[in-house]
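> Coordinates for the following, if possible.
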Amino acid sequence: MSGEEIKLPSFGRGLSARVLLLTILFVMVSEVLIYAPSIVRFRLDWLEEKLNMAHLAVLTLEATPDYMIDPELEVRLLSHVGARLIALRSADGKNLMLRGSSPPMLVQATIDLADRGFLQLVEDGIDTLRQSRNRLLRVKGYSPRAADVIVDMVIDEWALREAMVAYSWRILGLSVVISLITAALVFTALQWLIIRPMRRLTRGMVAFRQDPEVVPPSFGTTRRGDEIGLAEREFAEMQAKVRMALIQKARLAALGTAVTKINHDLRGILATARLVTDRLAESDNPEVKRAAPALVRSLDRAVELCSDTLNFTREGPPRPTLASVPLHELVDEVGESLASLLTAGKNWSNDVPADALVKADRGQLFRVLRNLGENAFQAGAENISIGYRMGGGFVEIDCKDDGPGLPLKARENLFVPFKGSARAGGTGLGLAIARELMRAHGGDLRLQQAETTGALFVLTLPIR
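Numbering: from 1, shown residues only. The predicted model follows:
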């Protein structure tokens with residue numbers, strides 16, 4: 001494997017820092033969204049408090065017989081309220097006013113608290129914060145102390161703006177504190193629940209990529225019942241299975257190398273034995289002539305076993321060379337190649353339409369169909385039919401026989417090399433190689449029916 005050392009990202013570039021920053025950002029965005037109603041509520045409360053103070057200040061006039069007070073006291077009352085002028089009108093028609101010694105004033109904006117919706121209050125608040133100089137505001141509304149009393153006053157807007165700015169700074173400071181605390185709590189929770197397990201899982205992936213044969217200690221032993229715990233256990237299980245597959249692949253590769261080395265010599269020995277057997281078949285001795293055919297068949301099976309084993313242990317199936325193949329014609333050719341098996345009433349039926357075309361490697365598809373036909377006839381089938389249909393983006397080729405079917409043991413290991421043979425003396429490589437060839441085409445080979453009345457194999461090829 002690659003010796004390149006892979007390091008996990010540092011804190012600044014890793015998931016932890018991103019989670020921390022995003023948490024702070026999201027909390028700040030939330031604070032910004034609630035700032036508008038907060039500042040509107042603060043401004044409204046400030047103005048209502050001024051109306052309340054103005055009402056109390058005007059009530060001092062009722063303590064005098066002629067509703068007149070000392071001018072100096074009047075100025076002090078207005079200064080305490082923070083107003084230039086205060087007027088009060090009650091439901092019984094009584095009008096009272098405090099104006100001090102203020103000169104005539106030019107009111108630049110009027111605010112009627114009794115006739116202000118939320119959006120208008122938001123607009124007024126933004127307008128106040130946007131001012132760069134003082135304005136005189138006329139504020140009127142019902143007194144908080146008496147619902148039938150209207151208070152009308154003139155105030156300096158700058159005092160209101162300074163109070164709103166101070167409140168905004170307090171909101172900002174509180175938002176920062178809340179953001180940091182929330183981010184710290186969320187970060188700690190995510191670090192414990194997600195980030196640390198993910199880093200452990202990532203380290204396991206990196207270590208497995210660098211050396212898949214080394215088993216990391218205690219990896220995959222977590223007892224967590226959530227998705228991350230499941231992912232870690234499944235990844236550990238996958239590692240174990242891949243590790244076993246690599247070991248098996250290495251053993252098969254070693255087997256392939258060994259078979260390749262001995263194949264030439266073994267085939268030479270078998271060829272010599274076949275020549276000797278042919279001479280024995282010509283002998284005048286009846287016992288020798290009777291035993292020679294059995295010996296020939298045994299030698300043929302030995303040669304076939306060597307060839308199949310060599311083909312299987314090669315580095316994967318041959319890459320298919322795709323071309324348009326007339327399927328009806330190919331099925332006829334397969335039937336002709338099985339002529340030696342078509343004896344005693346056995347039949348090879350071609351039910352493929354004459355104009356059917358498939359995109360495949362002609363030689364490999366021929367090999368798959370011949371293998372299925374040969375297996376069926378050797379298993380005892382009398383009739384084999386080849387069908388054809390299209391659907392779902394695939395071409396399906398049916399190979400159906402009327403043989404005795406397949407036993408349960410053979411079905412369990414049908415496509416497993418050296419295990420899936422259903423007949424004595426078989427290697428189980430034929431179907432394994434046939435499936436590899438079909439999957440190399442992007443299709444598959446599957447057993448759809450294996451009853452005592454016959455078997456049905458289905459070949460699938462993608463429609464290109």
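> in the stretch 151-300 of the chain, which spans are helices?
For the stretch 151-300 of the chain, the helices defined by DSSP state H, counting those that start in this stretch cover 157-190, 196-210, 227-281, 286-312.
> Check the stretch 301-450 of the chain too.
So, for the stretch 301-450 of the chain - with DSSP H, counting those that start in this stretch - the helices run 327-337, 362-379, 408-412, 429-440.
> In CSV: those, plus mean neighbour count.
Placement of C-beta: from N, CA and C, glycine included. Putting these into CSV (neighbours: other CB atoms under 10 Å) gives the following:
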stretch, mean neighbour count
helix 327-337, 18
helix 362-379, 20
helix 408-412, 13
helix 429-440, 21
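> any chance of the ones you listed in JSON lines, with distance to Asp401 and mean pLDDT too?
Shown next, in JSON lines, are these (distance: least, CB to CB, whole Å; pLDDT from 0 to 100):
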{"stretch": "helix 327-337", "distance to Asp401": "13", "mean pLDDT": "92"}
{"stretch": "helix 362-379", "distance to Asp401": "4", "mean pLDDT": "89"}
{"stretch": "helix 408-412", "distance to Asp401": "14", "mean pLDDT": "72"}
{"stretch": "helix 429-440", "distance to Asp401": "14", "mean pLDDT": "84"}
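> which one of the ones you listed lies closest to Ile39?
Nearest to Ile39 among these is helix 429-440; the distance by CB to CB comes to 68.0 Å.
> elements contacting the closest one?
On a contact count with 3 or more CB pairs under 8 Å, 6 or more residues apart in numbering; DSSP states H and E, helix 429-440 meets helix 286-312, helix 362-379, strand 444-451, strand 454-462.
> Look at the spatially closest residue to Ile111 that is not a sequence neighbour and give its secondary structure.
Nearest residue to Ile111 in three dimensions, chain neighbours excluded: Val139, at 4.9 Å (CB to CB, 6 or more residues apart in numbering). Three-state assignment for Val139 (DSSP: H, G, I helix; E, B strand; the rest coil): strand.
> thinking Leu44 is in contact with Leu121, fair?
Yes. Using CB atoms under 8 Å, Leu44 is in contact with Leu121, at 6.3 Å.
> Mind checking which of these two has more residues around it?
For the pair Leu44 and Leu121, the greater number of neighbours falls to Leu121 (20 against 17), based on other CB atoms under 10 Å.
> Not counting residues beside it along the chain, what's closest to that one?
Distance criterion CB to CB, 6+ apart; nearest residue to Leu121, sequence neighbours excluded, is Val40 at 4.7 Å.
> Now that neighbour, what are its backbone angles?
Dihedral pair for Val40: phi -70, psi -40, per degrees, to the nearest 10.
> That one and Gly403: what is the separation?
With distances taken as CB to CB, to the nearest Å, Val40 is found 87 Å from Gly403.
> Make sure Asp148 is indeed in a strand.
Yes. Asp148 forms part of a strand when assessed by three-state DSSP.
> Any idea how many residues pack against the closest residue to it other than its chain neighbours?
What sits nearest to Asp148 in space, not counting adjacent residues and going by CB to CB, 6+ apart, is Ala91, at 3.9 Å. Neighbour count for Ala91, taken as other CB under 10 Å: 10.
> Can you tell me which helix or strand of this protein has the lowest average pLDDT?
Sorting the helices and strands of the chain by mean pLDDT, DSSP states H and E puts helix 286-312 at the bottom, at a mean of 66.
> quick revisit: correct me if wrong: the residue nearest to Ile111 contacts Met153.
Yes. Contact criterion CB under 8 Å: Val139 and Met153 qualify, at 5.6 Å.
> Can you check which residues contact both of these two?
Common neighbours of Val139 and Met153 are listed as Lys50, Leu51 (criterion: CB atoms under 8 Å, 6 or more residues apart in numbering).
> between these two, who's got more neighbours?
Of the pair Val139 and Met153, Met153 is the one with more neighbours under other CB under 10 Å, namely 28 against 23.
> Check the spacing between the more buried one and Leu96 real quick.
The gap separating Met153 from Leu96 is 12 Å, by CB to CB.
> ok, back up a step: show me the contacts for the residue nearest to Ile111.
Val139 touches Leu47, Lys50, Leu51, Thr110, Ile111, Leu113, Asp152, Met153, Val154, Ile155, counting by CB under 8 Å, 6+ apart.
> ditto for Pro404
Pro404 makes contact with Ala379, Gly380, Thr452, according to CB under 8 Å, 6+ apart.
> Count the neighbours of the second one for me.
Neighbouring residues of Gly380 were enumerated by other CB under 10 Å; the total is 13.
> What pLDDT is listed against the closest residue to Leu20 other than its chain neighbours?
Leaving out its chain neighbours, the residue that sits closest to Leu20 by CB to CB, 6+ apart is Phe187, at 4.8 Å. On the pLDDT scale, Phe187 is placed at 76.
> again with Leu322
Leu322 is assigned a pLDDT of 90 by the prediction.
> State the phi and psi torsions of it.
Main-chain torsions, Leu322, degrees, to the nearest 10: phi -80, psi 140.
> if I read this right, it contacts Ala360, doesn't it?
Yes. Between Leu322 and Ala360 a contact is recorded at 6.4 Å, counting by CB under 8 Å.
> hey, what's in contact with both of those two?
In contact with both Leu322 and Ala360: His441, using CB under 8 Å, 6+ apart.
> What is the neighbour count of the residue nearest to Leu20?
Phe187: 19 neighbours (other CB under 10 Å).
> Kindly provide the distance from it to Met198.
Separation of Phe187 from Met198 (CB to CB): 14 Å.
> One more: Tyr35?
Using CB to CB, Tyr35 is found at 35 Å from Met198.
> Those two - which one has more neighbours?
Neighbour count, other CB under 10 Å: between Tyr35 and Met198, Met198 has more, with 18 against 14.
> Break this protein down into its structural domains.
15-180, 227-312, 323-462 (automatic domain parsing).
> hey, which of those domains is tucked in deepest?
domain 323-462 (a mean of 17; mean count of other CB atoms under 10 Å).
> can you list contacts of stretch 329-343?
348, 350, 352, 362, 365-366, 369-370, 373-374, 377-378, 386.
> Make a markdown table out of those residues and add distance to Thr23.
A markdown table is the format used below for the contacts of stretch 329-343 (distance: CB to CB, whole Å):
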| residue | distance to Thr23 |
| --- | --- |
| Trp348 | 72 |
| Asn350 | 70 |
| Val352 | 65 |
| Arg362 | 63 |
| Leu365 | 60 |
| Phe366 | 64 |
| Leu369 | 63 |
| Arg370 | 66 |
| Gly373 | 67 |
| Glu374 | 68 |
| Phe377 | 72 |
| Gln378 | 70 |
| Ile386 | 65 |
